[in-house]
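>>> Provided below for reference: sequence and predicted model.
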Amino acid sequence: MMRTGRSQIGSYEAKTHLPRLLDEVEAGASYTITKHGRPVARLVPIRGGKRAPEEVLKSFEELRAIMPRDLGAPIKELIEEGRR
(Lines give C-alpha, C1' and ligand atoms only; values in the text may rest on other atoms or scores of the structure.)
Protein backbone atom coordinates (compact mmCIF):
# COMPACT_ATOMS: atom_id res chain seq x y z
CA MET A 1 0.00 0.00 0.00
CA MET A 2 1.03 3.62 -0.53
CA ARG A 3 0.24 4.83 2.96
CA THR A 4 3.39 6.52 4.18
CA GLY A 5 1.97 8.83 6.81
CA ARG A 6 1.55 11.62 4.26
CA SER A 7 -1.82 13.26 4.03
CA GLN A 8 -0.91 15.29 0.91
CA ILE A 9 -0.39 13.83 -2.52
CA GLY A 10 0.32 15.45 -5.88
CA SER A 11 -2.36 15.30 -8.57
CA TYR A 12 -0.20 13.21 -10.92
CA GLU A 13 0.54 10.65 -8.21
CA ALA A 14 -3.13 10.60 -7.17
CA LYS A 15 -4.19 9.93 -10.76
CA THR A 16 -1.57 7.24 -11.19
CA HIS A 17 -2.45 5.42 -7.95
CA LEU A 18 -6.17 6.18 -7.68
CA PRO A 19 -7.36 2.58 -7.18
CA ARG A 20 -4.98 2.08 -4.25
CA LEU A 21 -5.83 5.49 -2.80
CA LEU A 22 -9.52 4.63 -2.94
CA ASP A 23 -8.85 1.40 -1.04
CA GLU A 24 -7.02 3.37 1.63
CA VAL A 25 -9.75 6.01 1.82
CA GLU A 26 -12.35 3.27 2.14
CA ALA A 27 -10.32 2.01 5.13
CA GLY A 28 -10.44 5.48 6.73
CA ALA A 29 -7.49 7.43 5.28
CA SER A 30 -7.92 10.90 3.82
CA TYR A 31 -5.72 12.90 1.45
CA THR A 32 -5.33 16.48 0.33
CA ILE A 33 -4.57 16.53 -3.39
CA THR A 34 -2.19 19.26 -4.48
CA LYS A 35 -1.49 20.86 -7.83
CA HIS A 36 1.91 22.52 -8.11
CA GLY A 37 2.18 22.28 -4.31
CA ARG A 38 -1.13 24.08 -3.71
CA PRO A 39 -4.01 22.16 -2.03
CA VAL A 40 -6.94 21.86 -4.46
CA ALA A 41 -9.08 18.90 -3.34
CA ARG A 42 -9.76 16.43 -0.55
CA LEU A 43 -10.18 12.70 -0.97
CA VAL A 44 -12.10 11.57 2.12
CA PRO A 45 -14.26 8.59 3.04
CA ILE A 46 -18.03 8.89 2.90
CA ARG A 47 -19.43 8.06 6.28
CA GLY A 48 -22.90 7.75 7.62
CA GLY A 49 -22.42 8.45 11.27
CA LYS A 50 -20.53 10.43 13.83
CA ARG A 51 -16.85 11.19 13.50
CA ALA A 52 -14.41 10.90 16.36
CA PRO A 53 -13.69 14.27 18.02
CA GLU A 54 -9.97 13.92 17.23
CA GLU A 55 -10.81 13.49 13.56
CA VAL A 56 -13.02 16.59 13.54
CA LEU A 57 -10.28 18.65 15.20
CA LYS A 58 -7.71 17.41 12.69
CA SER A 59 -10.04 18.45 9.83
CA PHE A 60 -10.39 21.94 11.31
CA GLU A 61 -6.62 22.23 11.73
CA GLU A 62 -6.06 21.22 8.10
CA LEU A 63 -8.66 23.72 6.90
CA ARG A 64 -7.19 26.46 9.05
CA ALA A 65 -3.75 25.80 7.56
CA ILE A 66 -4.98 26.57 4.03
CA MET A 67 -7.37 29.44 4.87
CA PRO A 68 -6.12 33.01 4.44
CA ARG A 69 -5.34 34.69 7.76
CA ASP A 70 -6.75 38.06 6.71
CA LEU A 71 -10.21 37.96 5.17
CA GLY A 72 -10.05 41.66 4.29
CA ALA A 73 -12.88 42.63 6.65
CA PRO A 74 -14.22 41.71 10.09
CA ILE A 75 -16.27 38.48 10.13
CA LYS A 76 -19.43 40.32 11.23
CA GLU A 77 -19.15 42.66 8.23
CA LEU A 78 -18.74 39.70 5.85
CA ILE A 79 -21.81 38.00 7.35
CA GLU A 80 -23.90 41.15 6.96
CA GLU A 81 -22.74 41.53 3.36
CA GLY A 82 -23.84 37.96 2.64
CA ARG A 83 -27.34 38.75 3.93
CA ARG A 84 -27.88 41.57 1.43
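That came through, no problem.

>>> contacts for the helix or strand containing K15?
In the assignment (DSSP states H and E), K15 maps to helix 11-16. Under the contact criterion CB atoms under 8 Å, 6 or more residues apart in numbering, helix 11-16 has outside partners 21, 31, 33-35, 40, 43. To be clear about C-beta, it is placed using only N, CA and C from the backbone, and glycine gets the same treatment.

>>> Keep only those of those residues that are in helices.
Of these, the ones assigned to helices by DSSP state H are L21.

>>> would you list the contacts of helix 11-16 in TSV and tack on pLDDT and neighbour count?
Converted to TSV, these look like this (pLDDT from 0 to 100; neighbours: other CB atoms under 10 Å):
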residue	pLDDT	neighbour count
L21	94	21
Y31	94	20
I33	95	17
T34	95	17
K35	94	12
V40	94	11
L43	93	17
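
>>> Now intersect the contacts of helix 11-16 with the strands, please.
Of the contacts of helix 11-16, the ones assigned to strands by DSSP state E are 31, 33-35, 40, 43.

>>> How about the helix holding K15, which residues are buried there?
13-14 (16 or more other CB atoms under 10 Å).

>>> any idea how far it is from the chain center?
16 Å (CA atoms, centre = their mean, to the nearest Å).

>>> okay, the angle between whichever helix in the chain runs longest and strand 31-35?
Looking across the chain with DSSP H, the single longest helix is helix 53-66. Helix 53-66 runs at 10 degrees relative to strand 31-35, counting by axes from the mean of the first three to the mean of the last three CA atoms, to 10 degrees.
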